[in-house]
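Trainee: Okay, predicted coordinates and the sequence, questions at the end:
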Amino acid sequence: MPPHPETWLLVRPEGLYCEPADLFIDPARAVPRALITHAHADHARPGHGAVLATPETLALMTRRLGEGRAGLSQQPLAYGESLDVNGVRITLHPAGHVLGSAQILLEWRGVRVVITGDYCPRPQPTCVPFTPIACDLLITEATFGLPVFRHPPAEGEIARLLRSLAVFPDRTHVVGAYALGKAQRLIALLRAAGYDSPIFLHGALFPLIEVYRAFGQTFGDLRPATVADKAALKGALVLAPPGAIQDRWARRLHDPVLALASGWMRVRQRAKSRGVELPLVISDHADWDELNATADATQATEVWVTHGREEALIHALASRGIRGRALSLIGRGEEDEGGGAEAEAVEEAA
Ligand SMILES: [Zn+2]
Ligand SMILES: [Zn+2]
């Protein structure tokens with residue numbers, strides 16, 4: 001009998017620990033050896049010893065955290081390549097969430113475990129597409145793990161934004177988008193929809209755009225949005241971190257239309273309480289149907305659920321004969337969609 005993953009994948013205060021490989025996955029505090037799914041702040045903490053991740057994630061971590069704080073040593077592992085660590089075979093597969101985001105496949109003594117990290121099964125131009133990986137145990141996120149969360153097609157949300165620009169040609173449209181992943185995705189969607197005017201960016205969004213560009217992505221004409229040049233921004237599209245759309249920075253623009261791109265915009269109250277006039281339901285996470293469909297597609301007989309609404313998903317899985325377990329990992333919250341990364345990026349620009 002192969003050893004049950006419960007005996008070698010342990011929940012420790014630092015996070016999920018793979019004992020035979022002696023490393024933590026996305027640990028919440030600094031550890032000697034970390035395997036990182038992606039560069040969002042709640043997964044990629046500063047101060048680790050050795051960091052193993054995709055080359056893209058390592059580059060994003062270094063840009064966000066600074067040289068040295070993104071691991072004393074870094075080891076890149078490209079999608080599809082495998083590495084043997086004390087008999088544990090580690091392979092990274094695309095997660096479709098942000099640049100470099102990976103699902104982790106661990107194989108040990110005949111047992112296959114997949115850790116999704118955050119993932120998005122809908123293809124987007126800024127990420128290598130997600131595919132479900134067959135496994136015995138699936139460890140999945142559940143950020144939007146309630147039946148109410150069904151994300152509409154992003155193209156329709158972009159069309160609403162472009163319509164608003166056409167209807168209010170004198171107003172500056174300010175769209176809140178997290179600095180890592182969402183901003184790049186929005187720009188790519190806008191370009192795919194045929195919007196080829198310059199797009200103006202809050203200064204906090206440029207550093208990570210540069211990393212995307214270094215990996216070969218193009219975004220068309222991007223310019224800095226300076227409030228001093230308010231007249232030039234009349235009728236323009238401005239992207240800014242979500243924090244910035246609520247402060248004086250955005251209010252000083254010309255008669256702004258405040259928009260916010262997030263899966264949470266499905267909840268009207270959230271948009272209202274943040275003063276968002278144009279909520280755009282655009283997410284980098286799986287929605288309820290996708291969480292369920294992915295679990296089924298992996299053919300896992302057991303699913304552990306991390307940060308999000310564990311109970312609803314576990315209940316739905318149980319009704320299909322899949323054993324579920326809530327993993328309460330410290331340091332993951334519903335702020336995710338990269339909230340932490342965005343807060344830091346704002347500080348960087350200040
Ligand atoms: Zn994330
Ligand atoms: Zn997350």
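Mentor: Received the coordinates, thanks. Ligands and ions are numbered 1, 2, ... in the order given.
Trainee: Just confirm residue 287 contacts residue 144, I think it does.
Mentor: Yes: counting by C-beta atoms under 8 Å, residue 144 is a contact partner of residue 287 at 5.2 Å. For glycine as for every other residue, the C-beta is placed from the backbone atoms N, C-alpha and C.
Trainee: Overlap of the contact sets of the two?
Mentor: Shared contacts of residue 287 and residue 144 (C-beta atoms under 8 Å, 6 or more residues apart in numbering): 151, 263.
Trainee: Just list whatever residues bridge to residue 90.
Mentor: Counting by DSSP bridges, residue 90 is bridged to residue 83, residue 106.
Trainee: Can you classify the residue of the stretch 51-200 of the chain found nearest ligand 2 as helix, strand or coil?
Mentor: With C-beta to the ion as the measure, residue 118 is the residue of the stretch 51-200 of the chain nearest to ligand 2, at 4.3 Å. The three-state label given to residue 118 by DSSP: H, G, I helix; E, B strand; the rest coil is coil.
Trainee: For the stretch 51-200 of the chain, what lies in contact range of ligand 2?
Mentor: Residues of the stretch 51-200 of the chain lying near ligand 2 by C-beta under 5 Å from the ion: residue 118.
Trainee: which parts of the stretch 51-200 of the chain sit against ligand 1?
Mentor: With C-beta under 5 Å from the ion as the criterion, the stretch 51-200 of the chain comes near ligand 1 at residues residue 118.
Trainee: Backbone dihedrals for residue 33, both of them.
Mentor: Dihedral pair for residue 33: phi -140, psi 120, per degrees, to the nearest 10.
Trainee: How about residue 130, nearest residue that isn't a chain neighbour?
Mentor: Leaving out its chain neighbours, the residue that sits closest to residue 130 by C-beta to C-beta, 6 or more residues apart in numbering is residue 96, at 3.4 Å.
Trainee: Now do the SS call for the one you found.
Mentor: Here residue 96 is recorded as coil under three-state DSSP.
Trainee: which residues touch it?
Mentor: Shown in contact with residue 96 (C-beta under 8 Å, 6+ apart): 119, 120, 121, 122, 123, 124, 127, 128, 129, 130.
Trainee: gap between it and ligand 1?
Mentor: 11 Å (C-beta to the ion, to the nearest Å).
Trainee: so residue 316 touches residue 292, yeah?
Mentor: Yes: under the criterion of C-beta under 8 Å, residue 316 makes contact with residue 292 at 6.0 Å.
Trainee: For residue 229, the count of nearby residues, please.
Mentor: 11 (other C-beta atoms under 10 Å).
Trainee: Wait, a strand at it?
Mentor: No: Residue 229 is assigned helix when assessed by three-state DSSP, not a strand.
Trainee: Check the spacing between it and residue 222 real quick.
Mentor: 15 Å (C-beta to C-beta, to the nearest Å).
Trainee: And stretch 176-194, what's buried?
Mentor: 176-191 (16 or more other C-beta atoms under 10 Å).
Trainee: How far off centre is it?
Mentor: Distance, stretch centre to chain centre, for stretch 176-194: 13 Å (C-alpha atoms, centre = their mean, to the nearest Å).
Trainee: From start to finish, how long is it in a straight line?
Mentor: Stretch 176-194 has an end-to-end distance of 21 Å (criterion: C-alpha to C-alpha, to the nearest Å).
Trainee: again, but for stretch 228-238
Mentor: Start-to-end, stretch 228-238 (C-alpha to C-alpha) is 14 Å.
Trainee: contacting residues around the residue nearest to residue 65 when sequence neighbours are not counted?
Mentor: Excluding the flanking residues, the one nearest residue 65 by C-beta to C-beta, 6+ apart is residue 46, at 4.6 Å. Applying C-beta under 8 Å, 6+ apart to residue 46 gives the contacts 30, 65, 66, 69, 70.
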